[in-house]
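**Student:** what's the 3D shape of this:
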Amino acid sequence: MIVRVFAVVAAMCFANTAQAENPWSVIAAACTPDSATIKGDRHVSVLSSVRHATGNVDLINLHCPIPRFSSATTSWNLKLKYQDSTGTDPAAYVKATLYRVGIGVAAAQQTLATANSNSVPNTTVFVVSSPVFPHTFNFENYVYWVGIELDRNAINQAVIAHQVILDGI
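**Tutor:** Presented below is the predicted three-dimensional model:
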């Protein structure tokens, strides 16, 4: 009887509570701007974030490759840490979209999830999540990346991308 009690107590001491798994995250400044963003000198990186260059209102596109990782998780959401001074006004936004494309396949990219600053009214630094989506990441057959878009209609609007996180539920 004492051995059973000891075994139960030991199991309780070593048991871990369930928690979310974050196999991938990246700061926006580590992502690669597309050629139009570079050529138009549209963006600036400040510490870990990306924002519009002074006087620029053109669309900024960033590409954030996701390296291979291993996970048994099959429920996910995409999180975007950002600031959007307009809240839900469509005149300005920061958006992160998770894509995949088959390796060696000429098929178009597939969208798996999107997190958009216009989905919540916050105007300060905030984290928005995509809806939970089911997916088993398969790096043998697919390449994955996150595209970040920053857009604004006026120079007095501030949209800033800070970080993107892939969160296992």
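**Student:** please report phi then psi for the closest residue in space to Ile66 that isn't next to it in sequence.
**Tutor:** Once flanking residues are discounted, Ile66 sits nearest to Tyr144: 4.2 Å by C-beta to C-beta, 6 or more residues apart in numbering. Placement of C-beta: from N, CA and C, glycine included. In terms of degrees, to the nearest 10, the main-chain angles of Tyr144 are phi -120, psi 150.
**Student:** specify the beta-bridge partners of Tyr144.
**Tutor:** For Tyr144, the beta-bridge partners under DSSP bridges are Arg100.
**Student:** which residues does it contact?
**Tutor:** Contact partners of Tyr144, counting by C-beta atoms under 8 Å, 6 or more residues apart in numbering, are 65-66, 98-100, 137.
**Student:** surely Ile60 touches Arg152?
**Tutor:** No - here Ile60 lies out of contact with Arg152, judged by C-beta atoms under 8 Å, at a distance of 9.3 Å.
**Student:** next, show the common contact partners of those two.
**Tutor:** By C-beta under 8 Å, 6+ apart, the residues touching both Ile60 and Arg152 are His52.
**Student:** quick one on the thing from earlier: nearest to Ala107 among the contacts of Tyr144?
**Tutor:** Using C-beta to C-beta, Arg100 is the member of the contacts of Tyr144 that lies nearest Ala107, at 10.2 Å.
**Student:** do I have it right that the closest one meets Ala108?
**Tutor:** No - contact between Arg100 and Ala108 fails when scored by C-beta under 8 Å: they sit 10.8 Å apart.
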